[in-house]
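**Q** The following comprises the amino acid sequence and a computationally predicted model.
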Amino acid sequence: MILNIVNHLLNTKFTNRTCLSKQKKVPKIRKKAIIVILGFIILGSIGGYAWINSMIPVNGSAPVFGFGENIVITTKNSEKGFVFASQTNGKKSIGPMHVSPTIQLSKGQLATVRIMNEDKSSKHNFNIDEFNVHSRDLGYFEPQSITFIADKNGTFHYHCTIHPEMNGELIIE
């Protein structure tokens, strides 16, 4: 149906039509202009579709318009071995570093986990299986953000599949 309309527009000549009010000739619509306009419409539709899909949490089915709790997790190689670490309140500030921090959320809360691998010696990933949170294997200084909805009560474990000793707890009340 749409292809028939486009073909009709491309094959129709508009050179001899006139406007009744001013008796001026209507400018000829060129095939290139129609193709450019259709290209912009298609690109805009694809961009809009991608933008809307980027707002769907990994364990959700519909876009969520809003900002989640920011949880900043870094991976490090310390004297204790490979660890997950976080700064106080998830902010980059001078403050105590928490090893294998406990993450606390309220049920129904939107959360965004921001993972950064600060370990030069190894790749790392971050997983919370119960919420379908799975990062890719991150190389040195590579970040990833994952948004999910804390839709279950309980205590859950997060971990790195490459280094099982890297783990912590997520508590949802």
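**A** Yep, that arrived. Numbering: from 1, shown residues only.
**Q** so what pLDDT did the closest residue to residue 105 other than its chain neighbours get?
**A** Excluding its sequence neighbours, the residue lying closest to residue 105 (C-beta to C-beta, 6 or more residues apart in numbering) is residue 150, at 4.2 Å. (C-beta placed from N, C-alpha, C; glycine too.) For residue 150, the pLDDT comes out at 93.
**Q** roughly how far apart are residue 150 and residue 100?
**A** As for residue 150, its distance to residue 100 is 19 Å (criterion: C-beta to C-beta, to the nearest Å).
**Q** What is the burial count for the residue nearest to residue 105?
**A** If you count neighbours by other C-beta atoms under 10 Å, residue 150 ends up with 25.
**Q** Tell me which stretches of this structure form strands.
**A** Ranges of strands within the chain are 69-78, 81-87, 97-99, 103-105, 109-117, 127-128, 133-134, 143-150, 154-159, 167-172, based on DSSP state E.
**Q** What pairs with the fourth one, parallel or antiparallel?
**A** With DSSP bridges as the criterion, the sheet partners recorded for strand 103-105 are strand 167-172 (parallel).
**Q** cool, and the longest one?
**A** The strands beside strand 69-78 in its sheet (DSSP bridges) come out as strand 81-87 (antiparallel), strand 109-117 (parallel).
**Q** Okay, residue 119 and residue 162: tell me how far apart.
**A** To residue 162, residue 119 is 11 Å away according to C-beta to C-beta.
**Q** Show me which of those two is the more surrounded one.
**A** The neighbour count for residue 119 versus residue 162, taken as other C-beta under 10 Å, is higher for residue 119 (20 against 14).
**Q** Hmm, that one is touching residue 84, no?
**A** No - Residue 119 is beyond contact range of residue 84, at 10.7 Å (criterion: C-beta atoms under 8 Å).
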